[in-house]
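Asks: Fold the following, please.
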Amino acid sequence: MTPPLVLDTEDTLPDDGFTGTLVGRAWLPTTDAAPGGPAVVVLRSDGVFDISDVAPTMSSLLEQDDPVATVRNAGGRRIGSLQAMLDGAPANTGDATAHLLAPCDLQVIKAAGVTFAGSLIERVIEEQAKGDAFGAAQIRGKIRALVGDSLASIRPDSAEAHELKALLIAQGMWSQYLEVGIGPDAEIFTKAPVLSALGTGTEIGLHPRSKWNNPEPEVVLAINSRGQALGATLGNDVNLRDFEGRSALLLGKAKDNNGSCAIGPFLRLFDDNFSLDHVRQAEVGLRVDGDDGFVLVGASSMDQLTRDPLDLVAQTIGATHQYPDGAMLFLGTLFAPVEDRNAPGAGFTHREGDVVRISTRSLGTLVNRVGRSDRIAPWQFGVRALINNLALRGLLRKPL
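Replies: Numbering: from 1, shown residues only. Next up is the predicted model:
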């Protein structure tokens, strides 16, 4: 039997504990007194409080003029301690107990790709290897011999970027990934449908046909409809390297499967104690523990982003792209593991049962167990279910 996920308050919280403005969403089970459903919550030192009376959805909270003031002024109804929410992790209990959900609801879930030089090289390798993990090592050496570390210092759309593009074209090594990595336009794609993201303590999913895949630990920005970045959280942009490597046109199948997007454990709003500069300097840690005893540890330094977070925001939402309910934006990852696991030369890939921990000092820890997309709990609570649930709980009388 698979052991239960063990989550604890100290590990889940950032280093400064409850100092920040921490908001999220929690599933409240049905009781004799009231129907259950998702609630917008604030995390405080004395517990987790339901503030749905001032913001029925996370989207509506972030659309307010001053979300931080709203949260600080909201009394709320205490629904339990943070540890109780973590003990109720759905990977262990389903919806029978209160637990944290992904801290977003009506926002579109977007992602920026190849925003780090290191992961850019790995995307080119995937493409050249046609999704074959065994062929990747040889190609990796060839590309690094030609490019070296030059990509790390090149700013997108700079004169140096144009010179490198000309060199690579002459060598027959130009790639669509290099185009979005060092060209003028960032890769911004829709990662997952509205309301499909999973929270901490859940089972995430891999496509059953994938043989080469990995986690992608990232910082995720919360953006309102006016294009303002209001806070940050952590995310796992689960990636199928074999699918995307075979063809970039398989990006949808590589990125969007049941359980392939995890966000959490909560959203930390920008305030006097936490700003976008903390995101720019964050170190995103990753640890994977397998049932086979395999341990993988890595990190992404956000100061190595080739594009500033606000540049990525501007390329996501603006005059040509409007999102009236806001957006969640994955900023990309430096992490692309190459350590062999199943066989020499095969690189890293997940196994069912892997426990993935993504963490930063300022945003806490997001924990998920790896399963298969066709075996984990199916996604059933969509927009229609949310609207019906809010109506049942009498919350549609307030602005969504």
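Asks: Test my guess that Ile358 contacts Val288.
Replies: No: contact criterion C-beta atoms under 8 Å: Ile358 and Val288 do not qualify, at 9.9 Å. For glycine as for every other residue, the C-beta is placed from the backbone atoms N, C-alpha and C.
Asks: Pull up the overlap in contacts between these two.
Replies: Overlap of the contact sets of Ile358 and Val288 (by C-beta atoms under 8 Å, 6 or more residues apart in numbering) consists of Pro215.
Asks: Asp50: what's it in contact with?
Replies: Listed by C-beta under 8 Å, 6+ apart, the contact set of Asp50 reads Ala26, Leu28, Ala39, Val40, Val41, Gly76, Arg77, Arg78, Ile79.
Asks: so how far is Phe381 from it?
Replies: With distances taken as C-beta to C-beta, to the nearest Å, Asp50 is found 18 Å from Phe381.
Asks: ditto for Asp46
Replies: From Asp46 across to Phe381, the span is 29 Å (C-beta to C-beta).
Asks: do the same with Val356
Replies: Going from Val356 to Phe381 by C-beta to C-beta gives 23 Å.
Asks: what about Ala232, which SS state?
Replies: strand (DSSP: H, G, I helix; E, B strand; the rest coil).
Asks: and it, what is it in contact with?
Replies: Ala232 is in contact with 219-222, 267-268, 270, 274, 276, 278-279, 362-363, counting by C-beta under 8 Å, 6+ apart.
Asks: Look up which residues are beta-bridged to it.
Replies: Counting by DSSP bridges, Ala232 is bridged to Leu221, Arg268.
Asks: start the count at 34, not 1, going forward
Replies: All right, first residue 34 from here; so that's Ala265.
Asks: Just the pLDDT for it.
Replies: pLDDT, Ala265: 98.
Asks: Could you do Ala144 as well?
Replies: pLDDT recorded at Ala144 is 96.
Asks: residue contacts, it?
Replies: Contact analysis of Ala144 by C-beta under 8 Å, 6+ apart lists Ile221, Phe222, Thr223, Lys224, Glu251, Asp270, Lys288, Leu362, Phe363, Gly365.
Asks: Need these in CSV (columns: distance to Glu96, neighbour count and pLDDT).
Replies: Shown next, in CSV, are those (distance: C-beta to C-beta, whole Å; neighbours: other C-beta atoms under 10 Å; pLDDT from 0 to 100):
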residue, distance to Glu96, neighbour count, pLDDT
Ile221, 22, 20, 93
Phe222, 24, 14, 94
Thr223, 21, 15, 95
Lys224, 21, 27, 96
Glu251, 24, 27, 96
Asp270, 25, 24, 95
Lys288, 27, 22, 93
Leu362, 16, 29, 98
Phe363, 21, 27, 97
Gly365, 26, 28, 91
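Asks: In helices, which of these appear?
Replies: Lys288 (DSSP state H).
Asks: What is the nearest of the contacts of Ala144 to Thr103?
Replies: Nearest to Thr103, judged by C-beta to C-beta, of the contacts of Ala144 is Leu362 at 22.1 Å.
Asks: give me the element the nearest residue in space to Gly108 that is not next to it in sequence is part of.
Replies: Nearest non-adjacent residue to Gly108, counting by C-beta to C-beta, 6 or more residues apart in numbering: Phe82, 7.5 Å away. Assessed by DSSP states H and E, Phe82 sits inside strand 80-83.
Asks: That strand pairs with which strands, parallel or anti?
Replies: Checking strand 80-83 against DSSP bridges gives partners strand 70-77 (antiparallel), strand 110-113 (antiparallel).
Asks: Return the most buried member of these.
Replies: When these are scored by mean count of other C-beta atoms under 10 Å, the highest mean neighbour count falls to strand 70-77 (a mean of 25).
Asks: next one: it to chain centre, how far?
Replies: Between the centre of strand 70-77 and the centre of its chain there are 19 Å (C-alpha atoms, centre = their mean, to the nearest Å).
Asks: Mind listing residues that contact that strand?
Replies: The contact list for strand 70-77 (C-beta under 8 Å, 6+ apart) reads 51, 54-61, 81-85, 88-91, 94, 104, 107, 109, 112, 115, 134, 138, 299, 414, 419, 422-423, 425-426.
Asks: pLDDT of it, averaged?
Replies: 98.
Asks: Could you list the low-pLDDT ranges of this structure?
Replies: 34, 150-159, 163-164, 166-170, 172-174, 176-187, 201, 204, 206 (pLDDT under 70).
Asks: domain ranges for it?
Replies: According to automatic domain parsing, the chain is divided into the following domains: 42-147+219-425, 150-215.
Asks: show me the contacts for the nearest residue to Leu338 once chain neighbours are set aside.
Replies: Residue nearest to Leu338 in three dimensions, not counting chain neighbours: Thr148, with 5.5 Å by C-beta to C-beta, 6+ apart. Going by C-beta under 8 Å, 6+ apart, Thr148 touches Gly214, Ala219, Leu338, Thr339, Arg340, Leu345, Leu364, Gly365.
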